[in-house]
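Student: below is the structure, and that's it, no one-letter string:
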C-alpha cells in the first residue's frame, strides 16, 4: 500500500527556473508533511515541513503548498540553483514518529 | 555541528549471516529510528526507540530484526539471519523530542547480502 505518491520521478530545470514536485496522500489522519533533501552519499535532511492548519509555508526559496481537500501537497523551489540538484522526498506522518516517504524526485538544475 | 554517524559505511555479508549496524545519535537526543532504502526505492520506516523500548515498528521489522542501545551512546540494528532482500541502505536517525520534530539522519550503511 503506497501511502504517499510522489511525482515526477525526475526533473530537469534551468537555473533560475521554478522546480515543482507534487505529492498525494491517502490517509486523512496524516497531520505532518515534511520535505527532505538528499545529496549523494548523505542521509536525508529536513528541508521544510507543514501542518494541515495552513495552506502554504515559505522558507527562503522553498515553499510548500498544501491542499487538504485534495489530499495533495507540493514543493516549489524558486530561482532554482545548480546547488539544489539533489533527490527530494516528501513524507507524511500521523504520529510524528513513523514517516511514510514518497518515492523521491531527482532534481537536476542546469547552469 | 553535531551529526549522526553510522558504521560501517558498507557491509557485505553472506545470506544467513548475522549483521549489526551501528549508529551514534546526536548526544542529547532521546528518540532513535531506523529506516531502510532499497536501491531506487523510497525510504521505509523500520522502528522507533525511546527509553530503551521500541515505541513503534513497521511490518518490515519482524523477528529477524532487533534494536539495542547497549551503552548509552550507540544504537544498533541487528539482523539475525540476512536474506537477499535485506540488501539496502540503512539509515539511523535521532531527534531531541518526540512527535513532530526534525529527525536528523545519518549517512547510512549500505548492506549487501550475497
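Tutor: Sure thing, it's come through. Keep in mind the model is a prediction, meaning the values are calculated, not measured.
Student: nearest residue to residue A:34 in space, please, no chain neighbours.
Tutor: Spatial nearest neighbour of residue A:34, chain neighbours left out: residue A:49 (3.7 Å); criterion: CB to CB, 6 or more residues apart in numbering or on different chains. All C-beta atoms are positioned from the backbone trio N, CA, C, and that covers glycine.
Student: need the next SSE after the host helix or strand of that neighbour, C-terminal direction.
Tutor: Using DSSP states H and E, residue A:49 falls within strand A:45-50. Counting by DSSP H and E, the next helix or strand C-terminal to strand A:45-50 is strand A:56-59.
Student: what is whichever helix or strand comes after that following strand packed up against?
Tutor: Sequence-wise, the next helix or strand downstream of strand A:56-59 (DSSP H and E) is strand A:62-67. In this structure, strand A:62-67 packs against strand A:33-38, strand A:45-50, strand A:56-59, strand A:72-77, with contacts taken as 3 or more CB pairs under 8 Å, 6 or more residues apart in numbering or on different chains; DSSP states H and E.
Student: could you list the residues in contact with stretch A:81-93?
Tutor: For stretch A:81-93, contacts defined as CB atoms under 8 Å, 6 or more residues apart in numbering or on different chains pick out A:3-4, A:6, A:15, A:19, A:21, A:23, A:25, A:27, A:30-39, A:44, A:47, A:73, A:75, A:77, A:99-102, A:104-111, B:42-43, B:100.
Student: how far does that stretch stretch from start to finish?
Tutor: End-to-end distance for stretch A:81-93: 29 Å, by CA to CA, to the nearest Å.
Student: okay, buried residues for that stretch please.
Tutor: A:84-93 (16 or more other CB atoms under 10 Å in any protein chain shown).
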